[in-house]
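In: starting from these lines, generate the structure:
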Amino acid sequence: MTTSRDEDANGGGTEGELYRKHLALIDSAFEESEWEGGIATLDILRTPSAKPAPYHIRLLIYLALYPHSADQAPKNEPRRTPTNPNELEAKEQQVPTPEASRAAHDALMAFAHTNAPASLFRALPSYVLEDKGHGIYASLDDGDNEDFDLGEASMRIKEARNVWEFLREGFIQLAPPSRGGVRNESTLKESSPEQPMAVDNHAWEVLEWIVTVMEKDEILTEKTGKPRHSPLLLRQIPPPRMSGGRWDIAMPLEVILQCLQNHKERRKQLGVRLLTMLINLAQTDHMDVSLFSSMTCSRIAALSPEIVDFVLISLPQSSISVQFKMLLCRYLLMDPTTGAANNPNGRPKPVAKQPRAVPRRAGQAPVQAEATTLNVQAASSAPKFRSTTIADILRLLAQTPLSSTLSHIQQLRFKATLVYSFATAQTLLSTEDVVKDPDWPNLPHSGRLVQAVEHSFVPTSILTAEEIGEVEKMKGQLITFIQCCQLDQF
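Out: Got it, this is the predicted structure:
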């Protein structure tokens, strides 16, 4: 349900806690396994002036993640053999219905519009912003309120290391029959002989909610005068064991790759949205941009050329995103026989990977979380991706076709994207910006870039008639675009 309460007015407002009597109303409905009734009550009491209880948010996530596919075990099977019909009916109600799962997702999205991102994410597992020697996990101390049915199961979300864990395939599933022959309702998958998917079939809508809340967090952070980035996303990346920026983006990167390889457009766009936020975050002092560049470019470049094209086309035309596009194109076009081929940021790769953070075990005392309003230290706004110069562009345009998995026409397409991105970057960046090429204003007089395009985009015998037409069209459009951009310099 969406009402006038959904105005984005909570960015600078103060949110209190829900009154105890309101919490009791919601809990009462959930304790009786009236899932849709409890969700409806939550929505009625939803307001920008009060934070939802953390355990209610986790319960909504659990309900939204609950599997309902036909290949799952029967959803109306009770936990134990009932002794009478009334008990059977009560037990059947404990299993969430598909309607309850949809209502839970709708409620999560409504809260995303009504309440502050930090107020919602206080319910979710995360890492500390700064490792002070007390552990790397932020505490989620919100009392012992999860004593109603499924509350205990949803509390397992609280014990995960990060949000990426409860999106994974098999995190919530119907358990095999116990020794007594009775099937338990739901549990967490402890292990799997195969690598689980980063996003379960039932987790796409929860992922969309996570991305939506983080995007709102970016906007609110930018309004405070800091560079556009999401502190909530930062807290989903483990801090390094030693000094330096965060670098272990393996889990969100797996999510992005699965999104991009999905056949549904909306899911592909989810991957681009999450990638965009990681790119924004990489430009702050909190991240190791060299490792970020190497990890991200190598994984995206391994996808099909069609998917890479989709990424390059879909990324926004912001200064930072355009710089990343140039970085990715250079990675794709560099000769794999040279030493710099797989390191587009121009810095040496690490010899060994730092040890990954170990999961939090039962009984381990987590460090006390920072304040709900995340006070992240001011991040540098200076772009940290290695600058792409006109010399880089001219060298790659003059490069003969590589003997790689990319066809000649695909390499020309990436060259075109590189030139477009470079010219766009010069118009987006201020004259004081360190990545603006000082030779750019002189190009109209020399004509070097136009000449390089003319010499690079030449039809060859290995191209089909259709591809030859595409090459001629790309060349004409590139020359026109370059000339228009250069006219803007005067």
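In: ok, residue 303 to residue 334 distance?
Out: 17 Å (Cβ to Cβ, to the nearest Å). Every C-beta, even on glycine, is put in place using the N, C-alpha and C of the backbone.
In: more neighbours, the two?
Out: Neighbours were counted for residue 303 and for residue 334 using other Cβ atoms under 10 Å; residue 334 has more, 21 against 15.
In: which parts of the host helix or strand of residue 212 are buried?
Out: According to DSSP states H and E, residue 212 maps onto helix 204-223. By 16 or more other Cβ atoms under 10 Å, the buried positions in helix 204-223 come out as 204-218, 220-221.
In: what do you get for stretch 52-70?
Out: Applying 16+ other Cβ under 10 Å to stretch 52-70 flags 52-68 as buried.
In: then stretch 277-290?
Out: Those would be 277-284, 286-290, for stretch 277-290 by 16+ other Cβ under 10 Å.
In: the residue nearest to residue 314 when sequence neighbours are not counted: which element?
Out: By the measure of Cβ to Cβ, 6 or more residues apart in numbering, the closest residue to residue 314 outside its immediate chain neighbours is residue 272, 4.4 Å from it. According to DSSP H and E, residue 272 maps onto helix 265-282.
In: tell me the angle that helix makes with helix 204-223.
Out: Helix 265-282 runs at 40 degrees relative to helix 204-223, counting by axes from the mean of the first three to the mean of the last three Cα atoms, to 10 degrees.
In: what packs against helix 265-282?
Out: helix 204-223, helix 231-234, helix 250-260, helix 289-301, helix 305-314, helix 319-333 (3 or more Cβ pairs under 8 Å, 6 or more residues apart in numbering; DSSP states H and E).
In: quick one: mean pLDDT over the first one.
Out: Along helix 204-223, the predicted confidence averages to a pLDDT of 97.
In: that helix packs against which elements?
Out: Against helix 204-223 (3+ Cβ pairs under 8 Å, 6+ apart) you get helix 54-65, helix 98-114, helix 117-121, helix 231-234, helix 265-282.
In: then the fifth one?
Out: When contacts are defined as 3+ Cβ pairs under 8 Å, 6+ apart, helix 305-314 sits against helix 250-260, helix 265-282, helix 289-301, helix 319-333, helix 408-428.
In: how about the shortest one: buried residues?
Out: Buried residues in helix 250-260, defined by neighbour count with 16+ other Cβ under 10 Å: 251-260.
In: same check on the third one?
Out: By neighbour count, and taking 16+ other Cβ under 10 Å as the criterion, the buried residues in helix 289-301 are 289-297, 299-301.
In: nearest to residue 395, of those?
Out: residue 297 (18.1 Å; Cβ to Cβ).
In: ok, now how distant is residue 310 from residue 485?
Out: The spacing between residue 310 and residue 485, counted by Cβ to Cβ, is 24 Å.
In: over to residue 286?
Out: To residue 485, residue 286 is 33 Å away according to Cβ to Cβ.
In: can you give me the buried ones in stretch 302-314?
Out: 305, 307-308, 310-312, 314.
In: what do you get for stretch 195-205?
Out: Neighbour-count burial for stretch 195-205 [16+ other Cβ under 10 Å]: 198-200, 202-205.
In: what is the end-to-end distance of it?
Out: One end of stretch 195-205 to the other measures 22 Å (Cα to Cα, to the nearest Å).
In: what does that stretch contact?
Out: 64-69, 101, 105, 164, 166-172, 189, 207, 251, 254-255, 257-259, 267, 270 (Cβ atoms under 8 Å, 6 or more residues apart in numbering).
In: mind redoing it with 7 Å?
Out: For stretch 195-205, contacts defined as Cβ atoms under 7 Å, 6 or more residues apart in numbering pick out 64-67, 69, 105, 167-171, 207, 254-255, 258, 267.
In: pLDDT-wise, what's the bottom of those residues?
Out: The lowest pLDDT within the contacts of stretch 195-205 belongs to residue 69, with 59.
In: picking that back up, what angle do the helix holding residue 212 and helix 98-114 make?
Out: Orientation check (the same axes, to 10 degrees): helix 204-223 against helix 98-114 gives 0 degrees.
In: could you check the angle helix 54-65 makes with helix 204-223?
Out: Using the same axes, to 10 degrees: helix 204-223 against helix 54-65 is 130 degrees.
In: low-confidence ranges in the chain?
Out: Applying pLDDT under 70 to the chain flags residues 1-13, 33, 69-94, 130-153, 173-193, 335-384, 403-404, 429-436, 443-445, 486-490.
In: ok, longest helix in it?
Out: Criterion DSSP state H: the longest helix present in the chain is helix 465-487.
In: who's in contact with residue 275?
Out: Contact analysis of residue 275 by Cβ under 7 Å, 6+ apart lists residue 256.
In: ah, wrong one, I meant residue 96
Out: By Cβ under 7 Å, 6+ apart, the residues touching residue 96 are 35, 63, 66.
In: what's the closest non-adjacent residue to it?
Out: Residue 96 sits nearest to residue 66 (Cβ to Cβ, 6+ apart), 4.6 Å away.
In: with residue 332 instead?
Out: Nearest one to residue 332, counting by Cβ to Cβ, 6+ apart, is residue 414 at 5.0 Å.
In: residue 468 now?
Out: Residue 468's closest residue in space is residue 459 (Cβ to Cβ, 6+ apart), at 4.2 Å.
In: now do the SS call for that neighbour.
Out: coil (DSSP: H, G, I helix; E, B strand; the rest coil).
In: go on, residue 385?
Out: coil.
In: quick one: neighbours of it, just the number.
Out: 22.
In: could you do residue 31 as well?
Out: Using other Cβ under 10 Å: residue 31 sits among 14 other residues.
In: how near is it to residue 422?
Out: As judged by Cβ to Cβ, residue 31 and residue 422 stand 61 Å apart.
In: thought residue 251 was touching residue 166?
Out: No - contact criterion Cβ atoms under 7 Å: residue 251 and residue 166 do not qualify, at 11.4 Å.
In: which of the buried residues of helix 250-260 sits closest to residue 116?
Out: For those, the minimum distance to residue 116 (Cβ to Cβ) is 22.1 Å, reached by residue 252.
In: so what touches stretch 240-253?
Out: In this structure, residues lying in contact with stretch 240-253 by Cβ under 7 Å, 6+ apart are 162, 164, 236-239, 274, 278, 285-288, 291-292, 295-296, 299, 354-356.
In: buried residues of it, list them for me.
Out: Buried residues in stretch 240-253 (16+ other Cβ under 10 Å): 240, 245-249, 251-253.
In: using JSON lines, lay out those residues together with distance to residue 194.
Out: Shown next, in JSON lines, are the buried residues of stretch 240-253 (distance: Cβ to Cβ, whole Å):
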{"residue": "240", "distance to residue 194": "30"}
{"residue": "245", "distance to residue 194": "33"}
{"residue": "246", "distance to residue 194": "29"}
{"residue": "247", "distance to residue 194": "27"}
{"residue": "248", "distance to residue 194": "23"}
{"residue": "249", "distance to residue 194": "23"}
{"residue": "251", "distance to residue 194": "17"}
{"residue": "252", "distance to residue 194": "21"}
{"residue": "253", "distance to residue 194": "19"}
